[in-house]
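S.K.: Sequence and predicted model, in that order:
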Amino acid sequence: MATLTKKQRQVLDFISRFIEEQGYSPSYAEIAAGLGLSSQSNVHIHVENLRQKGYLTKKWNANRSIDLTEYRGLSSSAEVPLKGRIAAGKPIEAI
């Protein structure tokens, strides 16, 4: 993943904490108020940069649609690489 600026890290941490505490994603106004930013357009720029770097996903034209990606470690699943195939069941003779 790409490196983050100090402000991007603050925005990402705020979003992560908010989702953990509230159970839903924050609005741009809530992020701006929580971080003391003067404009929601600044929040939009940071969220878009985080989305492009792969830390967030966002649905187009939807409210409260910011979501953390699997990279953040919030997923309870694990990736396991496949090494090959194992035949299961009754063997079938190839003709």
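M.R.: Thanks, I have it. Residues are numbered from 1 along each chain as shown.
S.K.: low-confidence ranges in the chain?
M.R.: 1, 71-80, 86-87 (pLDDT under 70).
S.K.: just the strands in the chain please.
M.R.: For the chain, the strands defined by DSSP state E cover 56-58, 66-68.
S.K.: Please identify the most buried of these.
M.R.: strand 66-68 (a mean of 19; mean count of other CB atoms under 10 Å). Glycine gets a C-beta too; all of them are placed from N, C-alpha and C.
S.K.: At the geometric centre of this protein, which residue do we find?
M.R.: Taking CA atoms, centre = their mean, the centroid of the chain lies closest to Leu68, which sits 1.9 Å from it.
S.K.: What's opposite it in the beta bridge?
M.R.: Taking DSSP bridges as the rule, Leu68 bridges to Leu56.
S.K.: Quick one: residues contacting it.
M.R.: The contact partners of Leu68, by CB atoms under 8 Å, 6 or more residues apart in numbering, come to 15-16, 19, 55-57, 74.
S.K.: Which entries within these meet the buried criterion?
M.R.: The neighbour count (16 or more other CB atoms under 10 Å) marks 15-16, 19, 55-56 as buried among those.
S.K.: Pick the one among those residues closest to Ala33.
M.R.: Ile15 (13.3 Å; CB to CB).
S.K.: which ones are touching that closest one?
M.R.: With contact taken as CB under 8 Å, 6+ apart, Ile15 is in contact with 25-26, 31, 56, 66, 68.
S.K.: and if we set it to 10 Å?
M.R.: Listed by CB atoms under 10 Å, 6 or more residues apart in numbering, the contact set of Ile15 reads 25-26, 30-31, 34, 43, 46-47, 50, 55-56, 66-68, 72.
S.K.: next one: Ser25
M.R.: 15, 18-19, 31, 56, 58, 63-68.
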